[in-house]
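Peer 1: my questions are about this predicted structure, shown below with the sequence.
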Amino acid sequence: RHAGAGHRLYGGHGAAVSGVGFSWDDRFVATIGADGVCLVWRHWNERGERELSECDSDAEEETAARQRHRESVREQPKAQKADAADATATAPLLRSASSVGALGAAGESERAEEPWRTTIREAGLAGGGGGGGGAAPSARLVWVHGYRGHDCVQNVHLSAAGEAVYPAAALVVLVGATDSGKRTQRFFRGHTDDVLCLAAHPERRIFASGQKAFVRGGHSRSAPLLVWDSTALPAAGEAPLATLTGVHESAVTSVAFSADGGRLVSAGLDAMHTVALWDWQKGECLLRTASSPRAVRGVGFLLPRAPTDDGADGGAAAGDATGGGGSAEARVVVCGEKELRFGTACQGLRWRKAVFGAQGELQTLPCVAVNSDGRVLTGTRRGELYVWQGCRLWRRLPAHEDALQAVSIAHAKEGETAGFATGGADGV
């Protein structure tokens, strides 16, 4: 900063400010401090006015804050910087503190209270009312902006109630609308870390979501897979329908329901990208096996084989992974980095690699889905749609100008022809 340059000083953090960022319209400024606090400030221009007009912006408290801002605009010598740090021109609108660690009794008595705590208490925002010096701030989650899409695919679904369901950080967000058209959000809060994958039950009422759980303290941790009901989200402290854990290390990266909704297939982020079959209603892992050292991008269940003339499932294996005497054979498909694998449950998963043939190009397949006719659909890194008949490539269809990252099968009534939709990195 040049000597004698005009500036303003605001107090709020109890330690050094480590990060500053403006909103897209210059109306707000967010700051991060070494005290573990994030502050969001309202921003006015040099004349004490908002850069953009807003509805209902002439409230008394905002008028008073604007007046304080005008009075605070002044030239301050560099030598007065320390004294001016205590003079605040305007208070932050939103303040949230992370757990920084408890201070000892002696240290707490010697350390001055952070300015943001004083402001919150005086404004009556602290939990338990305005009295008392030790009241901790409390906040209620109202709205979530953003979506986990930069490194995850095939993780947006539509519930039976018409809500859009998708992950954001450690939450799963359900966006709907009231009768008047006002948008609403609900949240599934059962996860403890970022949610990386999401699958919908065929009835679209129950969902399964997997999270990451990377190594902490030098010890490997198991990443949980949670199954929950979107019509009755569990409250804080309540358990979901099922918690499936003990198999995947580091993270659960892909998950899918079977056609009847009774089983789940999931893939993890360990060295061999373990694939597991689950009976989620019993909370049991039916089978787990290594897949490949190459990254797994998507998983799915193949449709059950048509019964033969004698009434048995064609090609059923004696070592069926479901463990049930008369249950259908479990067959899965896994796509990923330059490969597509088909697995059949028989004392483990017996893998068969897909045959790309002369018309196909060996490339990364970001997503996979099983069509209503039993054919497998995969998106490609080059934006094409590959249609598979058995283990062989049947058709190669141009679709997108960039990577094809999602395939969604339509839910058709009996006797009707079902279609499917695709989404790509080209925004189409």
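Peer 2: That came through, no problem.
Peer 1: any idea how far Arg341 is from the residue lying closest to Thr344 once chain neighbours are set aside?
Peer 2: Excluding its sequence neighbours, the residue lying closest to Thr344 (CB to CB, 6 or more residues apart in numbering) is Arg350, at 4.8 Å. Bear in mind the C-beta positions are built from the backbone N, C-alpha and C, glycine included. Remark: distance between Arg350 and Arg341 (CB to CB, to the nearest Å) = 10 Å.
Peer 1: which one of these two has more residues nearby?
Peer 2: Between Arg350 and Arg341, Arg341 has the larger neighbour count (other CB atoms under 10 Å), namely 21 against 14.
Peer 1: I'd say the residue nearest to Thr344 and Val332 touch.
Peer 2: No. Arg350 lies out of contact with Val332 (CB atoms under 8 Å); the separation is 10.8 Å.
Peer 1: ok, now which ones touch Val195?
Peer 2: 148, 167-172, 209-211 (CB atoms under 8 Å, 6 or more residues apart in numbering).
Peer 1: just give the nearest non-adjacent residue to Glu401, would you?
Peer 2: That would be Asp426: by CB to CB, 6+ apart, it lies 4.4 Å from Glu401.
Peer 1: can you pull the contacts of the one you found?
Peer 2: By CB under 8 Å, 6+ apart, the contact set of Asp426 is 383, 400-402.
Peer 1: cool, and Leu264?
Peer 2: 199, 208, 225, 227, 244, 255-258, 277-278, 280.
Peer 1: how close does it get to Trp278?
Peer 2: From Leu264 over to Trp278 (counting by CB to CB), the distance is 4 Å.
Peer 1: cool, and Ser159?
Peer 2: With the distance defined as CB to CB, Ser159 ends up 21 Å from Trp278.
Peer 1: give me the pLDDT value at the nearest residue to Gly383 once chain neighbours are set aside.
Peer 2: For Gly383, ignoring the flanking residues on the chain, the nearest one in space by CB to CB, 6+ apart is His400 at 3.6 Å. Listed pLDDT for His400 reads 95.
Peer 1: separation between His400 and Thr422?
Peer 2: Note on His400: its distance to Thr422, by CB to CB, is 7 Å.
Peer 1: specify which member of the contacts of Asp426 is nearest to Glu163.
Peer 2: Nearest to Glu163 among the contacts of Asp426 is His400, at 26.5 Å by CB to CB.
Peer 1: re the thing from before, pick the one among the contacts of Val195 closest to Arg183.
Peer 2: Closest to Arg183, out of all of those and judged by CB to CB, is Ala168, at 14.9 Å.
Peer 1: what residues are bridge-paired with that closest one?
Peer 2: Leu171 (DSSP bridges).
Peer 1: where does the stretch 151-300 of the chain dip in pLDDT?
Peer 2: Across the stretch 151-300 of the chain, residues meeting the criterion (pLDDT under 70) sit at 214-220.
Peer 1: please, where are all the strands along it?
Peer 2: Remark: strands assigned in the stretch 151-300 of the chain by DSSP state E, counting those that start in this stretch are 157-158, 164-168, 171-177, 183-188, 195-200, 206-213, 225-229, 242-244, 250-257, 264-268, 275-279, 284-289, 296-301.
Peer 1: all set now, cheers.
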